[in-house]
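# Sharing a model prediction with you, sequence too.
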Amino acid sequence: MRKQRVLIVDFDGTYIRGNSFRMWVYHILKKTLILRFDIFLKVFFATFRRKVMKSLSHVEYKELIDSLAYPTCIIDDFFCLISEDVSSSVYKEIEKAKE
């Protein structure tokens, strides 16, 4: 299984509805619980340190999450997931550009 690093860049509310980073973290936790428990533990404990212990800043938390190497299948699944949640105004512009 090939591993890749991924960086999610999004203007929340512009391309997709909602917070893309929060969606990414939830997706990682869900997918790695079975596929890659080592990654699951790193993300889980980073989230715990950020949300419960308040010992990680927002920047440190994002850097930690972004520094991990994720299996390609998890990245591909996420892009399929967010493509279903494209903002309607963006979708209309994409459709116009196809014409």
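Good, I have the coordinates.
# I'd like to know which elements the helix or strand containing Val43 is packed against.
Secondary structure from DSSP states H and E places Val43 in helix 37-51. Applying 3 or more CB pairs under 8 Å, 6 or more residues apart in numbering; DSSP states H and E, we find helix 37-51 packed against helix 20-35, helix 58-67. C-beta here means a position set from N, CA and C on the backbone, and glycine is covered the same way.
# Report the angle between the last one and helix 20-35.
Following axes from the mean of the first three to the mean of the last three CA atoms, to 10 degrees, one obtains 50 degrees for the angle between helix 58-67 and helix 20-35.
# chain center to helix 58-67, what's the gap?
Relative to its chain's centre, helix 58-67 lies at 12 Å (CA atoms, centre = their mean, to the nearest Å).
# now swap in stretch 80-87 and tell me
Stretch 80-87 sits 12 Å away from the centroid of its parent chain (CA atoms, centre = their mean).
# ditto for stretch 82-89
15 Å.
# With stretch 54-65 instead?
Centre-to-centre, stretch 54-65 and its host chain are 14 Å apart (CA atoms, centre = their mean).
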